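S.K.: A predicted structure for the sequence below; I have some questions about it.
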Amino acid sequence: MTTTAYRKILLAVDGSGSARRAAREAIALAALAHAHLHVMYVVHKWGLAPYSGYYDPDALGRVLSDEGRQALDEARRLAIGQNVPVAVELGETLGKSDSIALCLQRCAIIREADLVVAGTHGKRGISRAVLGSVAEELLRISPCPVLIVRC
């Protein structure tokens with residue numbers, strides 16, 4: 001039997017309660033494994049459906065970037081409090097056809113992550129079909145194991 005050593009953990013945050021719970025789990029794992037934690041918030045200013053009315057993607061991007069910086073700062077403080085080495089990154093999808101999960105996949109590859117940790121809201125049925133599921137897509141495309149933490 002082989003044991004997987006997690007040395008580089010990628011944590012996806014979005015400012016939600018499930019992301020905060022995922023952060024606590026990722027930090028605990030990183031502390032136990034003496035791993036480095038890389039925290040990422042992805043700005044997806046194209047996430048609104050075209051039928052949702054007029055909106056300015058650049059204005060939305062600024063709001064989401066501010067929200068992202070707050071979520072990253074919170075995760076950084078928690079990690080530092082547990083003596084976990086941490087880096088944070090505010091990423092952005094590359095356009096309308098890109099997704100948060102694809103952005104996280106690229107980050108996991110570039111950072112050579114051994115594990116990706118993300119929260120999920122546990123949506124089912126129609127709400128998941130309409131809104132999509134970052135966690136579900138990430139599970140399908142991640143280059144490494146994924147720990148999904150449900151709120």
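M.R.: Sure thing, it's come through. Residues are numbered from 1 along each chain as shown.
S.K.: Show me the shaky parts of this protein.
M.R.: Within the chain, the ranges that satisfy pLDDT under 70 run 1-4, 47-55, 122-132.
S.K.: And for residue 32, the neighbour number?
M.R.: Around residue 32 sit 10 other residues, with neighbours defined as other Cβ atoms under 10 Å. Where you see a C-beta, it was placed from the backbone N, CA and C, and this is true even at glycine.
S.K.: element containing it, please.
M.R.: For residue 32, the element it lies in under DSSP states H and E is helix 17-33.
S.K.: what angle sits between the helix or strand that comes right after that helix and helix 17-33?
M.R.: Downstream of helix 17-33, the first helix or strand assigned by DSSP H and E is strand 36-43. Strand 36-43 and helix 17-33 are oriented at 160 degrees to each other (axes from the mean of the first three to the mean of the last three Cα atoms, to 10 degrees).
S.K.: in the very next helix or strand once past strand 36-43, what's buried?
M.R.: As assigned by DSSP H and E, the chain's next helix or strand after strand 36-43 is helix 57-81. Across helix 57-81, burial judged by 16 or more other Cβ atoms under 10 Å covers 60, 61, 64, 68, 71, 72, 74, 75, 76, 78, 79.
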